[in-house]
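Student: Sequence first, predicted coordinates after that:
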Amino acid sequence: MELSEVIKSRRSVRKFRSEEVVEEDLKEILEAARMAPSAGNLQPWKFIVVRNEKKKRYLAQACSGQEFVGEAPVVIVACATGRGGFIGKYMESWPIDVAIAFTHLILAAWNKGLGTCWIGDFDEEKVKEICEIPPEVRVVAITPLGYPVKVPQATQRKSLERIVSEEVYTP
């Protein structure tokens, strides 16, 4: 698929078929995340691939009981492993760096026919306990990963005129 088509057609998937994810596809998806840019090329990320049924169910509970998370064949937990880069000299770059890599992962998955759903509603301490993540590492995002039962309908997007200003900020 052309990149523009991948971006336009991607949807958040919450119902997955039970078939396992092809290992080669999973590696290519993780490779796309690995190749993401980061501040100072620090690459402050680690991706935990969870296939264990019990752990996936615990993760679903840690994601505010969103059961569909645990029903996917794979759950990926994106973590920030380090600090050091800054944006605008006031904000640490690690959450954005991991988000960029996670976006690469999600788009690469869609290109392989795999659905994802960016999960930001989770109890970080519970996720850390389930995945044995050290205290200094931060959980940034979680996604279930699998073949969609069906592709959801597109959601309404704001027009370019509403989100783009020329030269200066305009409300």
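Tutor: Received it, and whenever you're ready, just let me know what you need.
Student: check which helix or strand covers Ala36.
Tutor: Using DSSP states H and E, Ala36 maps to neither a helix nor a strand.
Student: Hmm, Ala108 and it touching each other?
Tutor: No. Contact criterion Cβ atoms under 8 Å: Ala36 and Ala108 do not qualify, at 10.3 Å. Where C-beta positions appear, they are placed from N, C-alpha and C, glycine not excepted.
Student: what's the neighbour count on the nearest residue to Phe68 once chain neighbours are set aside?
Tutor: Here the nearest residue to Phe68 in space, its sequence neighbours aside, is Arg14; by Cβ to Cβ, 6 or more residues apart in numbering that works out to 4.4 Å. Arg14 has 17 neighbouring residues, counting by other Cβ atoms under 10 Å.
Student: Could you state which residue of this protein sits nearest its centroid?
Tutor: Taking Cα atoms, centre = their mean, the centroid of the chain lies closest to Phe102, which sits 4.1 Å from it.
Student: in whichever strand or helix holds it, what's buried?
Tutor: Applying DSSP H and E as the criterion places Phe102 in helix 94-111. In terms of neighbour count (16 or more other Cβ atoms under 10 Å), helix 94-111 has its buried residues at 94, 96-111.
Student: Helix or strand next in line after that helix, which one?
Tutor: Helix 94-111 is succeeded, C-terminally, by strand 115-116 (DSSP H and E).
Student: For the longest strand anywhere in the chain, what is the distance to the chain centroid?
Tutor: Among the segments of the chain that qualify as a strand by DSSP state E, the longest is strand 138-146. Centroid separation for strand 138-146 versus its chain: 5 Å, with Cα atoms, centre = their mean, to the nearest Å.
Student: helix or strand right after it?
Tutor: Helices and strands here follow DSSP H and E; after strand 138-146, the next one along the chain is helix 160-163.
Student: name the element the residue lying closest to Leu105 once chain neighbours are set aside belongs to?
Tutor: Nearest non-adjacent residue to Leu105, counting by Cβ to Cβ, 6+ apart: Ala33, 4.0 Å away. Remark: Ala33 resides in helix 23-34, with elements defined by DSSP H and E.
Student: Alright, that wraps it up for me.
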